[in-house]
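[1] model this:
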Amino acid sequence: MVYRCCFIYVFVLLTRSDSLHQVVEVTEGGSVLLECSQESIVLENKQLTVHWRHNYIRNVFDIINGQVSIKEQDPAYKNRAEVLREELKKGNIFLKLTDLQLSDGGTYLCFVPDLGLEHSTQLVVKERSCITCTTAEVRSHGTGARLEKTLYLLIQSSGFILLYLIG
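    Below you'll find the model as predicted:
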């Protein structure tokens, strides 16, 4: 009997429509918006408490009784995590993460205890890659003599330009 009750409870938790899971892929150095619910929440002037956690233990961001609280925030997210206040007023709970690092990859859990709302997002942070590679002939300035060297121009997705002279 106990096993049957546990099974039903777990089944209900897994099939609830407000307990959703998404996968989001981004490139390191970029920004991302993670949503807590795919539907607007009717606030009715409630001072919500919202918790965002990374891999279930790292405190990313908290709103407690309608007020931002960063007292317990993991230092790795200082000045990189915020909740969009204007969207929150509309009933949309979004977490914005900036300057993404490879270590930011993992599961982000948002939960709103007063509403019984729980949502998880799997964030995959991909390493920056070279998007443009080209070669150019290198000549001596002034004489126009060929230097027998190859210049490689690498333009990364972050906008940085790397020059390599090989010869």
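[2] what comes into contact with whichever strand or helix holds residue 111?
    Assessed by DSSP states H and E, residue 111 sits inside strand 106-112. Residues outside strand 106-112 that contact it (CB atoms under 8 Å, 6 or more residues apart in numbering): 34-37, 41, 48-56, 60, 93, 95, 117-123. The C-beta positions use only the backbone N, C-alpha and C, and glycine is treated the same way.
[3] Out of those, which end up buried?
    34-37, 41, 48-54, 60, 93, 95, 117-121, 123 (16 or more other CB atoms under 10 Å).
[4] Just the ones of the residues you listed in strands?
    34-35, 50-54, 60, 95, 117-121, 123 (DSSP state E).
[5] Tell me which two of those residues sit farthest apart.
    117 and 123 (19.0 Å; CB to CB).
[6] Tell me how the protein divides into domains.
    Per the record, the chain has its domains at 16-126, 130-166, by automatic domain parsing.
[7] Where among those domains is average confidence lowest?
    The stretch with the lowest mean pLDDT among these is domain 130-166, at a mean of 54.
[8] Tell me which stretches of the chain form helices.
    Using DSSP state H, the helices found in the chain span residues 2-15, 85-89.
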